[in-house]
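Engineer: Provided below are the primary sequence and the corresponding predicted coordinates.
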Amino acid sequence: GQNIDQPTEMTATEGAIVQINCTYQTSGFNGLFWYQQHAGEAPTFLSYNVLDGLEEKGRFSSFLSRSKGYSYLLLKELQMKDSASYLCAVKDSDYKLSFGAGTTVTVRA
Amino acid sequence: IAGITQAPTSQILAAGRRMTLRCTQDMRHNAMYWYRQDLGLGLRLIHYSNTAGTTGKGEVPDGYSVSRANTDDFPLTLASAVPSQTSVYFCASSDLAGAGELFFGEGSRLTVL
C-alpha cells in the first residue's frame, strides 16, 4: 500500500516563496508527481521526478530524495493565481498513481 | 482536441439506483483510471486499466465496476448506489510509455440521496 503525507494548509504572501513537503512509503517506486488543483477544477500536471535531485520549471521546482522517501515542491515569486491545492502523487510498480490528501496554499496580498 | 470527456457533469441519484459514468479519451493513451475525491481524503483510485481488455482494482473498488472494451472508453458503473458514494469522480488517462503523467477529465459530481 501507499502512505503519502503532506501538510494540510499553508499560507504565504504574494511574491514570497513556499515549500510544500511530501513524504511517502510505497510498494515499488516509478516516479513522483506534483499536481495543481484549483477549487472546482480538475488536477493539472506540474512536475515529475524519478531520479534524485532538483527539477526546475519556471517558478516551480521539485526535489526528490528516494532514499529518504521525500520530495518538495518549491513555488517562487508567488502570485495570487497560485492559490490552489497541491497534490503529491507516487507511481508504484504497477504504474498506479496514489495521491496524498493535498496541501491548500493561500496566497495573501 | 477534447482530451478526456466525462458525462454527466453532475447528477443527483436516488439510493439503490444504477448509474454509469462515462469517460472517453481521444489521446490514444493505453492506461485509464477512475478516482473519487472527497474532502480531506484526496484522490482515491477506484479502478484502473493499463490496456484495452484488462482492468484492475484500486484502493476503493467495492460497489463499482468498470469495463475497457476499447482504447477510448472506460465507463464506471455503480450497480446500486449508496449515499457514501456521493463524491466527485475523476477519470484520467496516461501514456505508460512516457513519464506517465495523468490527464484528467473535468469531473462528475454525483450526489446519492
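Structural biologist: Right, received. Where do you want to start?
Engineer: A:Thr103 pairs with what?
Structural biologist: Beta bridges link A:Thr103 to A:Tyr86 when assigned by DSSP bridges.
Engineer: Relative to A:Thr8, how far out is it?
Structural biologist: 7 Å (C-beta to C-beta, to the nearest Å). Backbone N, C-alpha and C define where each C-beta goes, glycine included.
Engineer: What ranges does chain A have for its strands?
Structural biologist: Secondary structure of chain A (DSSP state E): strands at A:3-5, A:9-13, A:18-25, A:32-37, A:44-49, A:53-57, A:60-65, A:70-75, A:84-91, A:97-99, A:103-108.
Engineer: low pLDDT regions in chain B?
Structural biologist: The model of chain B has pLDDT under 70 over residues B:1.
Engineer: so what's residue 21 bridging to?
Structural biologist: All of this is about chain A. A:Tyr72.
Engineer: Chain B is the one I meant
Structural biologist: Beta-bridge partners, per DSSP bridges, of B:Leu21: B:Leu76.
Engineer: residues touching it, list them.
Structural biologist: Residues in contact with B:Leu21 (C-beta atoms under 8 Å, 6 or more residues apart in numbering or on different chains) are B:6-8, B:34, B:75-78, B:89, B:91, B:108, B:110.
Engineer: One more: B:Ala31?
Structural biologist: Contacts of B:Ala31 by C-beta under 8 Å, 6+ apart are A:95, B:48-51, B:93-96, B:100.
Engineer: Kindly report the same for B:Thr86.
Structural biologist: B:Thr86 touches B:110-112, counting by C-beta under 8 Å, 6+ apart.
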